[in-house]
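J.: Fold the stuff below for me.
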Amino acid sequence: MSDDYALVDFALTQAEPAAVIPALGRSFATVAAAALARSADASGPERGFLARLRGRRRRPAELPALRVQPASSLPDAPLMQPVATDLGFSARGGAMRVTAPLGSARLTLIELHEGNEGISPICQALSRELGGAEVFYFRNSGPRHPGADYAFHVYEGGRATRRASSRSPLGDAPEAPWEAIDGGMPHPVEVDSLPRPDPPAWQVMTPERQASILAALGLDPATLFDPPAPGAVQVALGTDPGGKPLSEALTRSGLRAPPGFAGPPAAPPDPEPQQAMGPTDALETDAEIPDPGSSDWEEEVTALLIEAVESGLPEESQIAWLNDLTRRLGAGDIDGALSDARTLMEAGGQDENERRATAARLYRLFGRALD
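T.: Residues are numbered from 1 along each chain as shown. From the prediction side, this is the model:
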């Protein structure tokens, strides 16, 4: 293993790669969707349908699916984060690699990139997707890290049942400003490496402890990232649009699909799924108006504006128009924003009566009457 890196993140599980690979696809989609939803919620004073409106238009472009990539697309194992800066570490980018089987327990190894949240969102989501299979997550830091970062987590059923980590943002000497997490009951694989009670922060998790845990899992730490043995499965994953669907990892690697596997979802799930609104719904201008600000009101307003944008503007202009509209609505320019929305609706593909009915419904949702 190279000694010129900042961080190495990897996980191990007893689940077979035929189950792990599609589960990673679903987990990646879940984590990406949740991150985008948090970004929309924190996007300034906008709340409710304004944040939703922006997020709905960006989501297809910002939530790429995890796909099978050529083996040459990833460097040799382990998958490292080579650069550390004042702003953190290199972006995750969805790059992962799955190798199996390893060791006497025939474990599946997952190399990945994680952030600095103190938890592994991918491993947490993966453990939920895998049901009862435990996921063991490790982080190890190298010379490019300005301090040190060592972690061992256990995830099961979507929960972090054990987290032990020692991290110093600057320096790795005992007197450095170490931060430690020591939560949950120690796992049986830790028995031979547990420190004395109430250890100093820098001893909560160490490379020596990690090596002992790996040995307890039936693995030789010195050969963990060696080239796979003949007959082993190794699959590179990433978000490159030129990749292949995850279902191909099963057939191309000779893996047997788990029962009920129908491939990953065609698109990442929407964290705020909503019922599609048909053309007749938009024409029911006399239908009861939902309470302003309620989820039903937000859903209908968002759907009407999305429909207007998609029917009246070329794709390259849609996001800019929605950005301007949400800014004006947030600033209180309701009448001006509605007037522009009406103009856009009138340029759409519906017939004249449908366009007028759609615009009238939007006006009524904002307590206005169409002149």
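J.: Below-threshold pLDDT in the stretch 251-371 of the chain: ranges please.
T.: Within the stretch 251-371 of the chain, the ranges that satisfy pLDDT under 70 run 251-287, 293-295, 315-316, 348-350.
J.: Tell me which stretches of it form strands.
T.: Counting by DSSP state E, counting those that start in this stretch, the stretch 251-371 of the chain has no strands at all.
J.: Break down it into its helices, ranges please.
T.: For the stretch 251-371 of the chain, the helices defined by DSSP state H, counting those that start in this stretch cover 279-283, 295-312, 315-330, 334-346, 352-365.
J.: Hmm, I181 and G118 touching each other?
T.: Yes. Under the criterion of C-beta atoms under 8 Å, G118 makes contact with I181 at 6.3 Å. All C-beta spots, glycine's among them, are computed from the backbone N, C-alpha and C.
J.: Can you pick out the residue with more neighbours from those two?
T.: Neighbour count, other C-beta atoms under 10 Å: between G118 and I181, I181 has more, with 18 against 14.
J.: Name the nearest residue to the more buried one, sequence neighbours excluded.
T.: Spatial nearest neighbour of I181, excluding adjacent residues (C-beta to C-beta, 6 or more residues apart in numbering): S165 at 4.7 Å.
J.: Number of residues surrounding that neighbour?
T.: 20.
J.: in the helix or strand it falls within, what's buried?
T.: Following DSSP states H and E, one finds S165 within strand 159-168. For strand 159-168, the neighbour count (16 or more other C-beta atoms under 10 Å) marks 160, 162-168 as buried.
J.: Which helix or strand lies directly C-terminal to that strand?
T.: For strand 159-168, the following helix or strand on the C-terminal side (DSSP H and E) is strand 179-183.
J.: Give me the distance from that next one to the chain's centre.
T.: 24 Å (C-alpha atoms, centre = their mean, to the nearest Å).
J.: Next, the closest residue to R167 other than its chain neighbours: phi, psi?
T.: In space, and not counting its chain neighbours, R167 is closest to D149: 4.6 Å by C-beta to C-beta, 6+ apart. Torsion angles at D149 (phi, psi; degrees, to the nearest 10) stand at phi -150, psi 110.
J.: how close does D149 sit to S72?
T.: Distance of D149 to S72, given as C-beta to C-beta, to the nearest Å: 29 Å.
J.: and what of T343?
T.: When T343 is compared with S72 (using C-beta to C-beta), they lie 51 Å apart.
J.: With T302 instead?
T.: 43 Å.
J.: quick one: E134 and G158 touch, right?
T.: No. Here E134 does not reach G158: they are 11.9 Å apart, not a contact under C-beta under 8 Å.
J.: what sits in contact with each of those two?
T.: S127 (C-beta atoms under 8 Å, 6 or more residues apart in numbering).
J.: The two: who's more crowded?
T.: Between E134 and G158, counted using other C-beta under 10 Å, the more crowded position is E134 (18 against 13).
J.: Now do the contacts for the closest residue in space to that one that isn't next to it in sequence.
T.: With C-beta to C-beta, 6+ apart as the criterion, E134 has its nearest non-adjacent residue at 5.0 Å, and that residue is E156. Applying C-beta under 8 Å, 6+ apart to E156 gives the contacts 127, 132-135.
J.: since we're on the residue lying closest to A359 once chain neighbours are set aside, how many residues are nearby?
T.: Excluding the flanking residues, the one nearest A359 by C-beta to C-beta, 6+ apart is R342, at 4.4 Å. Other residues lying near R342 total 20 when counted by other C-beta under 10 Å.
J.: thinking again about what came up before, any shared contact partners between G118 and I181?
T.: With C-beta under 8 Å, 6+ apart as the test, G118 and I181 both reach 163, 165.
J.: quick one on the thing from earlier: roughly how far apart are the residue nearest to A359 and E175?
T.: Distance, R342 to E175, by C-beta to C-beta: 67 Å.
J.: was I right about L102 contacting L219?
T.: Yes. L102 lies in contact with L219 (C-beta under 8 Å); the separation is 6.1 Å.
J.: P177 and L66, how far apart?
T.: 36 Å.
J.: neighbour-wise, which of those two wins?
T.: L66 (25 against 11).
J.: and the more buried one, what does it touch?
T.: By C-beta under 8 Å, 6+ apart, the neighbours of L66 are 24-25, 28-29, 94, 96, 237-239, 246, 264.
J.: Now tabulate the residues you listed in CSV and tack on neighbour count and secondary structure.
T.: Shown next, in CSV, are the contacts of L66 (neighbours: other C-beta atoms under 10 Å; DSSP: H, G, I helix; E, B strand; the rest coil):
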residue, neighbour count, secondary structure
L24, 28, helix
G25, 24, helix
F28, 27, helix
A29, 21, helix
G94, 22, coil
M96, 27, strand
L237, 26, strand
G238, 20, strand
T239, 18, coil
L246, 24, coil
P264, 21, coil
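J.: Just the closest of those to I319, please.
T.: Nearest to I319 among the contacts of L66 is T239, at 20.2 Å by C-beta to C-beta.
J.: List the residues that contact that closest one.
T.: Contact partners of T239, counting by C-beta under 8 Å, 6+ apart, are 64-67, 93-94.
J.: And the pLDDT for it?
T.: pLDDT for T239: 88.
J.: how far away is it from A215?
T.: 34 Å.
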